[in-house]
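> the following block contains a protein sequence and its predicted model.
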Amino acid sequence: MESAPRPPLEVVRDRLGRGIREMLAGTPDQVHEWDPAAERRFAPDSAMWAVHTDVAMLVGGLRALLLQTLHPLALAGVVQHSTYKTDPLGRLHRTGAFVGTTTFGTVEESDQIIAQVKAIHARVNGTARDGREYSALDPHLLMWVHCTEADSFLRARQRYGATPLPEGVADTYVAEIGEIGAALGVIDPPQNQAELRERLISYRPELQATRDTRETVRFLVVPPLPLAARPPYGILFGAATAMLPRFARRMLLLPVAPGAESLAIRPAATALLRTMGWALGDHPAVEAARAAEAD
């Protein structure tokens, strides 16, 4: 007996979700076998899961990249050692794998990928255009990268998340993601939003819009993406730009017209992210956790 045809909307959802996953991860999501007895760095009810399971992370990631272009030494390592221009999607996939593994994986899996990243960082050193030496193992530079990511992921989740974050989760998130930062070499990472803000402010005197900054931002404005991905990327980039501090937008020459954020950018980004969330469904780690609870 032939099975009933699937509803057209379900077919559309599956195709759209598959396309988004391939763009973000390169291959279909691989869900680790969920062993309730396995020791995990973060539990399903953690703040890390509450933030990192939401597609708003896409906006946060772009915002973090834009902020990071303003530190000449941190950017020098990216420009001189990264493949972001020749393999932008590959770099996206690797970054996503790191965030996913450290958030949802076991302690063993998390420690393994952190060790891999630290080994890569050990080879990232050199001399910036201004003659200063840099190293990706420098705790000061690691702190800058860590804080821009923590701040951007959290702000994007608060602004574009599918559900509101419960009270107190934001400070908990800063402390939890600080565990990953410390494992990578960050010394005394911030433990709450107030400390995170103070650390970011302390870097202001070091920030500059250099030649490398301008070239990197130009690439981020119009990266070599498939045609179908360019309109949604433009919306996400606009949302990330609108969330930047005003001083950063001025330095990066990325102005946002008065009223554009509330009248156009935020509604468009919200609609896009809700559509993406609908197409993707629950994060695979959430599905696995739910299945384990049901057994």
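Thanks, I have the structure now. Numbering: from 1, shown residues only.
> what about Ala271, which helix or strand?
helix 266-280 (DSSP states H and E).
> gap between that helix and the chain center?
Helix 266-280 has its C-alpha centroid displaced from the chain centroid by 16 Å (Cα atoms, centre = their mean, to the nearest Å).
> buried residues, it. List them.
Neighbour-count burial for helix 266-280, with 16 or more other Cβ atoms under 10 Å as criterion, is recorded at Arg266, Ala268, Ala269, Thr270, Leu272, Leu273, Met276, Gly277, Ala279, Leu280. For the C-beta atoms, the positions are set from N, CA and C on the backbone; glycine is no exception.
> who's in contact with that helix?
Here helix 266-280 makes contact (Cβ atoms under 8 Å, 6 or more residues apart in numbering) with 13, 16-17, 20-21, 54-56, 58-59, 159-160, 162, 232, 235-236, 238-239, 242.
> from one end of stretch 237-246 to the other, what's the distance?
Terminal residues of stretch 237-246 are spaced 16 Å apart (Cα to Cα, to the nearest Å).
> counting neighbours, what do you get for the residue nearest to Met57 when sequence neighbours are not counted?
The spatially closest residue to Met57, leaving aside those adjacent along the chain, is Phe153, at 5.9 Å (Cβ to Cβ, 6 or more residues apart in numbering). Each residue near Phe153 was counted by other Cβ atoms under 10 Å, and the total is 24.
> one more: Gln158?
Around Gln158 there are 17 other residues, counting by other Cβ under 10 Å.
> quick one: pLDDT of it?
The confidence metric pLDDT takes the value 98 at Gln158.
> residues contacting it?
Leu165, Ala170.
> hang on, isn't Asn192 packed against Ala175?
Yes: the pair Asn192 and Ala175 passes the contact test of Cβ atoms under 8 Å, sitting 6.8 Å apart.
> quick check, the residue nearest to Met57 in a helix?
Yes: under DSSP: H, G, I helix; E, B strand; the rest coil, Phe153 sits within a helix.
> which residues touch Trp144?
Neighbour list for Trp144: Gln68, His71, Ala74, Tyr203 [criterion: Cβ under 8 Å, 6+ apart].
> what does Met48 give?
Taking Cβ under 8 Å, 6+ apart as the contact definition, Met48 lies against Phe42, Thr103, Tyr173, Glu176, Ile177.
> from the residues you listed, which is closest to Val78?
Closest approach to Val78 among the contacts of Met48 (Cβ to Cβ): Ile177, at 20.4 Å.
> gap between stretch 112-121 and the chain center?
When distances are taken as Cα atoms, centre = their mean, stretch 112-121 is centred 18 Å away from the chain's centroid.
> not counting sequence-adjacent ones, nearest residue to Gly99?
I think there's a mix-up here, since residue 99 is Val and not Gly. Nearest non-adjacent residue to Val99, counting by Cβ to Cβ, 6+ apart: His52, 6.3 Å away.
> the one you found and Gly96, how far apart?
10 Å (Cβ to Cβ, to the nearest Å).
> which one of those two has more residues nearby?
Between His52 and Gly96, counted using other Cβ under 10 Å, the more crowded position is His52 (23 against 16).
> tell me the contacts of the residue nearest to Met57?
Contact partners of Phe153, counting by Cβ under 8 Å, 6+ apart, are Val51, His52, Met57, Gly60, Gly61, Ala64, Ile177.
> inside helices: which ones of those residues?
Residues of the contacts of Phe153 located in helices (DSSP state H): Val51, His52, Met57, Gly60, Gly61, Ala64, Ile177.
> and which of those is nearest Gly126?
Nearest to Gly126, judged by Cβ to Cβ, of the ones in helices among the contacts of Phe153 is Ala64 at 22.3 Å.
> from Arg41, how far off is the spatially most central residue of the chain?
Among the residues of the chain, Gly61 comes closest to the average C-alpha position under Cα atoms, centre = their mean, at 3.2 Å. Counting by Cβ to Cβ, the gap between Gly61 and Arg41 amounts to 20 Å.
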